[in-house]
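got a sequence here, can you model it:
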Amino acid sequence: MVTSAAATVTGTNTEVGGLRKELGFYKFYHHNTVNVLIHSVCVPTILFTTICILHRVSLPFQIMGVYLTLGHLLALRFAATYCRLHIPVGICATAILVCTLYALDAGLVGLTLKQESGIFVAAWIMQFIGHGVFEKKKPALLDSLEQSLVLAPYFILFEFLFLLGFFPKLRAELESDVTKLKLQEKRQS
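A predicted model of the protein is given here:
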């Protein structure tokens, strides 16, 4: 687990378990460029297909005429976590989740359960290949399943924002943290 101090980025939760620590945990397992690229495609795909599959399970109540589903609850859980960690990027992530749910609620997604499940499984297989062949490191989910599943989409969003030039200080801190942890890991081997 990453043991770096909490982030000091504006808009960031600076308590224990803050943004830098959470992203650092995930980044430690995802440093190889090819593996990150695989995850950049597969993680959003897994999130999308998971929400699609869970959207099929309706709950017995509605809000503003829309029946809530397990997909809505999952999106709410993720959005709350993301906003807790960093409000501006959390709002961005929430907007993406809301658009996904809107498309599902409006019937704009024409995938069958079989297609959703097949895409879901294929994306997971690709990620395991990324870890085994390119990263040569076990997946983060083997150390913390829930943390990995919730953080993966957020990490990918941050990687995209880093590429666009946002949060250069946080990016440098994460790179430094990972370098230090890799040295520690090497010394212990």
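
quick one: classify Q62 as helix, strand or coil.
strand (DSSP: H, G, I helix; E, B strand; the rest coil).

distance of it relative to L68?
Separation of Q62 from L68 (C-beta to C-beta, to the nearest Å): 6 Å. Glycine gets a C-beta too; all of them are placed from N, C-alpha and C.

those two: who's more crowded?
Ranked by neighbour count (other C-beta atoms under 10 Å), Q62 and L68 place L68 first, with 18 against 10.

assumed the more buried one was part of a strand.
Yes. With three-state DSSP as the criterion, L68 is part of a strand.

my guess is it meets L54, correct?
No. In this structure L68 lies outside contact range of L54 using C-beta atoms under 8 Å: 10.9 Å.

how about the longest helix seen in the chain: buried residues?
Longest among the helix segments of the chain by residue count, using DSSP state H, is helix 33-55. Within helix 33-55, the residues that count as buried by 16 or more other C-beta atoms under 10 Å are 35-36, 38-40, 42-55.

gap between the closest residue to I53 other than its chain neighbours and T179?
The shortest distance from I53 to any non-neighbouring residue, by C-beta to C-beta, 6 or more residues apart in numbering, is to E116 (5.2 Å). The gap separating E116 from T179 is 39 Å, by C-beta to C-beta.

which one's more surrounded, those two?
In terms of neighbours (other C-beta under 10 Å), E116 is the more surrounded of E116 and T179; the figures are 20 against 11.

now do the contacts for the more buried one.
Residues near E116 by C-beta atoms under 8 Å, 6 or more residues apart in numbering: T49, C52, I53.

is it true that the last one touches V121?
Right, I53. No. Applying C-beta under 8 Å as the test, I53 and V121 come out as separate, 11.3 Å apart.

no more questions from me, cheers.
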